[in-house]
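> Here is my input; please provide its structure:
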Amino acid sequence: MILSTSKGTTHCVCHVPVSAYNDLEEMRTGLLQDALRQIMRMPEYRRGTRRITLETDLQSMPLAA
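The predicted structure follows:
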């Protein structure tokens with residue numbers, strides 16, 4: 001998953017069990033949760049020197065193939 005903003009880009013290798021999700025929306029949410037889990041483990045976020053904010057329309061963004 002690639003998360004981009006005007007301040008930078010982060011690449012995360014996300015994993016979710018496909019069989020655990022009923023549709024694409026649930027899988028998208030699972031992938032996003034895994035990306036956020038990884039980002040929250042980064043030192044700059046654990047120390048509180050950086051913050052994560054999400055756009056309200058994030059769920060409407062398409063997944064890249």
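> Name the secondary structure element that contains L32.
helix 24-40 (DSSP states H and E).
> which residues are contacting that helix?
The contact list for helix 24-40 (C-beta atoms under 8 Å, 6 or more residues apart in numbering) reads 1, 3, 10, 12, 14-16, 18, 20-21, 45-46, 52, 58-59, 63. The C-beta positions use only the backbone N, C-alpha and C, and glycine is treated the same way.
> How far away from the center of its chain is the following helix or strand past it?
Next along the chain after helix 24-40, taking DSSP H and E as the criterion, comes helix 43-46. Its chain's C-alpha centre and that of helix 43-46 lie 16 Å apart, by C-alpha atoms, centre = their mean, to the nearest Å.
> Dump helix 43-46 to PDB, keeping only the CA atoms.
The C-alpha trace of helix 43-46 is given here as PDB (Å, rounded to 0.1, in the frame of the first residue of the first chain):
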ATOM      1  CA  PRO A  43       9.800   5.700  15.900                       C
ATOM      2  CA  GLU A  44       8.700   9.200  14.800                       C
ATOM      3  CA  TYR A  45       5.100   8.300  15.500                       C
ATOM      4  CA  ARG A  46       5.800   6.300  18.700                       C
END
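> Rounded mean pLDDT for stretch 34-52, please.
Average pLDDT, stretch 34-52: 83.
> what's the span of it, first residue to last?
The first residue of stretch 34-52 is 14 Å away from its last residue (C-alpha to C-alpha, to the nearest Å).
> Okay, buried residues for that stretch please.
Residues of stretch 34-52 classed as buried by neighbour count (16 or more other C-beta atoms under 10 Å): D34, A35, L36.
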